[in-house]
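**Student:** coords below, sequence missing:
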C-alpha cells in the first residue's frame with residue numbers, strides 16, 4: 001500500500017484565515033520603523049543593506065515598507081511582515097544593533113551610537 005502524501009492540515013481541509021491582532025500590527029510596524037531608522041543612521045542604501053544581509057532587495061523593500069508579501073487580490077491589503085529569526089539576526093548584524101532591540105515591542109525607536117549594542 002502506498003503511503004499518503006497528505007499532511008494533517010490537508011486531511012481536514014484548509015486552515016481558517018488568520019486575522020492578526022492589533023498588537024501584532026503595532027509590533028510589525030515598530031520593527032519596520034527600527035530597521036528604517038537604523039539604516040538611515042548608518043547612511044546605508046537599500047543595496048548596501050542587501051549586500052550586508054544577503055537578503056533580496058524585494059524582500060528588504062517589503063520589510064522596510066511594513067509588508068509581508070504581495071497585495072491580497074480579494075481584500076487589497078498587504079500581509080504584515082513576520083520575518084524568521086535568521087532574518088532578524090541578519091538585519092541586527094548588518095545594522096550593528098542587538099536583535100532583541102529589533103523585536104522588543106516595549107522599546108521605542110532609539111538613536112544608536114557606535115558604543116551601544
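**Tutor:** That came through, no problem. Keep in mind it's a predicted model, so treat the numbers as computed, not measured.
**Student:** secondary structure class for the spatially most central residue of the chain?
**Tutor:** In the chain, the centroid-proximal residue (Cα atoms, centre = their mean) is residue 83; its distance is 3.6 Å. Three-state assignment for residue 83 (DSSP: H, G, I helix; E, B strand; the rest coil): coil.
**Student:** same deal with the one 10 residues further on?
**Tutor:** Per three-state DSSP, the local secondary structure of residue 93 is helix.
**Student:** got a pLDDT number for residue 44?
**Tutor:** Note on residue 44: pLDDT of 97.
**Student:** burial measure for it, as a count.
**Tutor:** 16 (other Cβ atoms under 10 Å). No exception for glycine: its C-beta is placed from N, CA and C like everyone else's.
**Student:** ok, the residue nearest to it when sequence neighbours are not counted - contacts?
**Tutor:** Leaving aside its chain neighbours, residue 44 sits nearest to residue 52 (7.4 Å; criterion: Cβ to Cβ, 6 or more residues apart in numbering). Going by Cβ atoms under 8 Å, 6 or more residues apart in numbering, residue 52 touches 44, 93-94.
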